[in-house]
Structures are given as structure tokens and as C-alpha cells.
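**Student:** my questions concern the predicted model and sequence given below.
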Amino acid sequence: MLGSEEPTRALAMNVALASIYGTDYRDVTSGGTPELTFDSASDQIKDNELIVTTTGVSAKKVRNFDSYTFVLGDNFENKDTMLTLTETGGFGTVSNVNSHPAVKVDWGKVKANTSKLTDRRGGGIHGRNNFTLMQEAVPGTGTAISYPNHLAFANYTDTAGIAEIDRVYEKKMTVDVAPAAGSTDTSANKVLLELNRFRNDEVTHKGTEAQAPTEVYGGYSGYDHTEKDKDGHDITVGTTTESNILNIEGIAHGTTLKAYGGYAGRRTWRLEG
């Protein structure tokens, strides 16, 4: 685990020069005992899970994990990044195949866990948020940083305008590079999470933030979701922003603020009082 049992933002993690292994396999028959890396479907790494529970963590690389879980906490902030890998090469290459293809992680085994977020009014995460769960950012000469598309995933699907609902939150995970037409494999630089609070919140905008936002929301929804109808069939319905309170105590001098008690940017509309 990278972080503490209870997810907390910006914990000090001294792993910047470390390689993180689910299992550290070595080829003892070769000089220098090079590492052995296996595809995520291999029995050698079955059930190896990397859990990240904080933000701002940097490590050289991750190897031999079957799944990745990113656990969000109440004090996480919009635009936070959880895990940054500083060595190129994604999840490595498959050692026991002659062609050494890139290790592809099953997209279904990459999770954003929001179960630790409170749904208490006024607590937890508010409004509209975008997080980077994982990325590659490789230092170069001087201050140069490259962002290679080496994080390889298999069975990737984008649910388009549909998000997953967890109590008062909606969440949608994507990568920043879509698969080619007709494929479910992709190589990306970032794993992204949109996380919105749409229900039962109270937000106070004081206008004193160091970087004043241009928009503020009591509740926000950007997507539809699926639920069962009376016959047990999956249907697509709009996510209702409801029971939210937005307090405006001030607006920073010289700024313009758009304020929404509730905002729904979906395509399937359902309005309630």
C-alpha cells in the first residue's frame, strides 16, 4: 500500500527512487539477475494488488501487479494527482514471451474506490472534480519532462455518457488516449477520474481562495447512470442534483463567478423538486 489505511491527502512517502513490486521475480540464470515481469493474466502475479491512498506519490516504476486500486479521501482536492511514475516503459514487458510485448493491465482491474468518502451534508468532496489517478512523467535534460503513452491496458471500454453512482457521488474513469477503432487495447499516459457530488451537500464560497474559481456548485452531475426498471431491465436515466445548499459569502475583487445551486450536464433529463 502506498499511503495509510485511511486515505489522506499529501502524505510524505519516501519512494521517489523506488521500484514497486507486487512480486520481485529475478532470473538467477543470467548475470546481474535481471527482473522478470509477467502479464497481468499470469498465475505468477495473481491477486497482487497495488493500493494507493494518498496524493503526490512518485516512484520509478510498478511491476507485477494484477490490479490497481486508488482510494480517495475526504480531504482530496480537485486536480490532485495520486501516483506518478518517473521511468519510461509503462508496466514493463512480458519476460516469458520471446517478442517481449508490453504488459497490459486488464482495465476491469483498475478501480477508483470512493467508499471512504463521507456522504454527510457539508463533508466529503464537493462539486465538480477531476483527478489523475496514475501517470507517467519522465524527467529529461534540465527542466524538461516527457509524458509517454506507455501505460498499456486491455479490455478498455468507455461508458460514454454513463457514470457509476456511489451514494451521493458519481464517478467516471477514463484514460487520455482512446483505443483505435475496433480495438479494446490502448496505451495511454494518464488514468483519469471525474468525481462529482450531486446530492445532499452544503457548500460555502468565501471568495478568499488563493486561486478563485470561476464556477462554484452546490451539486454537480455531468452524466446519466443506469438503474433497474420495474421489470428488472437496465435503463438509462438522468442523475438528479437535489438537496444541495450553496452559500455565497463573498466574491474576490475583479473576478466573475458563476454560481449553481445544482447543475446537471447530462443528456437524459429528469427534474425533481
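**Tutor:** Structure received. Numbering: from 1, shown residues only.

**Student:** what's in contact with the helix or strand harbouring N196?
**Tutor:** Counting by DSSP states H and E, the element that carries N196 is strand 190-197. Contact partners of strand 190-197, identified using CB atoms under 8 Å, 6 or more residues apart in numbering, comprise 70, 72, 110, 112, 114, 124-135, 147, 151, 163, 168-176, 219-223. Every residue, glycine included, has its C-beta placed from N, CA and C.

**Student:** go on, stretch 97-106?
**Tutor:** Contacts for stretch 97-106 (CB under 8 Å, 6+ apart): 37-41, 65, 67-68, 90-94, 150-155, 185, 187.

**Student:** state the mean pLDDT of that stretch.
**Tutor:** Regarding stretch 97-106, the rounded mean pLDDT is 93.

**Student:** likewise for stretch 81-88?
**Tutor:** For stretch 81-88, the mean per-residue pLDDT is 98.

**Student:** report the buried residues of that stretch.
**Tutor:** T81, M82, L83, T84, L85 (16 or more other CB atoms under 10 Å).

**Student:** my guess is S221 contacts N244. True?
**Tutor:** No: using CB atoms under 8 Å, S221 makes no contact with N244, being 10.6 Å away.

**Student:** identify the contacts common to those two.
**Tutor:** Residues touching both S221 and N244 by CB under 8 Å, 6+ apart: F198.

**Student:** circling back: return the closest of the buried residues of stretch 81-88 with respect to G238.
**Tutor:** Checking the buried residues of stretch 81-88 against G238 by CB to CB gives M82 as the nearest, at 29.7 Å.

**Student:** look up how far L257 lies from the closest one.
**Tutor:** Going from M82 to L257 by CB to CB, to the nearest Å gives 29 Å.

**Student:** next one: T118
**Tutor:** Distance, T118 to L257, using CB to CB: 26 Å.

**Student:** doesn't G108 belong to a helix?
**Tutor:** Yes: judged by DSSP: H, G, I helix; E, B strand; the rest coil, G108 forms part of a helix.

**Student:** how deep is it tucked in, by neighbour count?
**Tutor:** Close neighbours of G108, defined as other CB atoms under 10 Å, add up to 12.

**Student:** do you know the pLDDT at the residue lying closest to it once chain neighbours are set aside?
**Tutor:** Nearest residue to G108, sequence neighbours excluded (CB to CB, 6 or more residues apart in numbering): N155, at 5.9 Å. On pLDDT, N155 comes in at 97.

**Student:** and what of T214?
**Tutor:** The model reports T214 with a pLDDT of 89.

**Student:** go on, the one 5 residues further on?
**Tutor:** As predicted, G219 sits at a pLDDT of 97.

**Student:** could you list the low-pLDDT ranges of the chain?
**Tutor:** 267-273 (pLDDT under 70).

**Student:** go again using 80 as the cut-off
**Tutor:** Applying pLDDT under 80 to the chain flags residues 30-33, 210-212, 266-273.

**Student:** K172 touches G161, doesn't it?
**Tutor:** No: with contacts defined as CB under 8 Å, K172 does not count as touching G161, sitting 9.3 Å away.

**Student:** okay, and the common contacts of those two?
**Tutor:** Residues touching both K172 and G161 (CB under 8 Å, 6+ apart): Y223.

**Student:** so these two - more neighbours on which side?
**Tutor:** With neighbours defined as other CB under 10 Å, K172 and G161 compare such that K172 has more, 20 against 15.

**Student:** helix, strand or coil for that one?
**Tutor:** Assigned with three-state DSSP, K172 falls in the strand class.

**Student:** who touches it in this structure?
**Tutor:** Contacts of K172 by CB under 8 Å, 6+ apart are T159, I162, A163, E164, L193, E194, G222, Y223.

**Student:** which residue, other than its chain neighbours, is closest to the fifth one?
**Tutor:** Nearest residue to L193, sequence neighbours excluded (CB to CB, 6+ apart): F131, at 4.4 Å.

**Student:** quick one: secondary structure of that neighbour?
**Tutor:** Assigned with three-state DSSP, F131 falls in the strand class.

**Student:** what sits against it?
**Tutor:** L72, F76, N78, K79, D80, T81, M82, L192, L193, L195.

**Student:** what does D234 give?
**Tutor:** Going by CB under 8 Å, 6+ apart, D234 touches T226, E227, K228.
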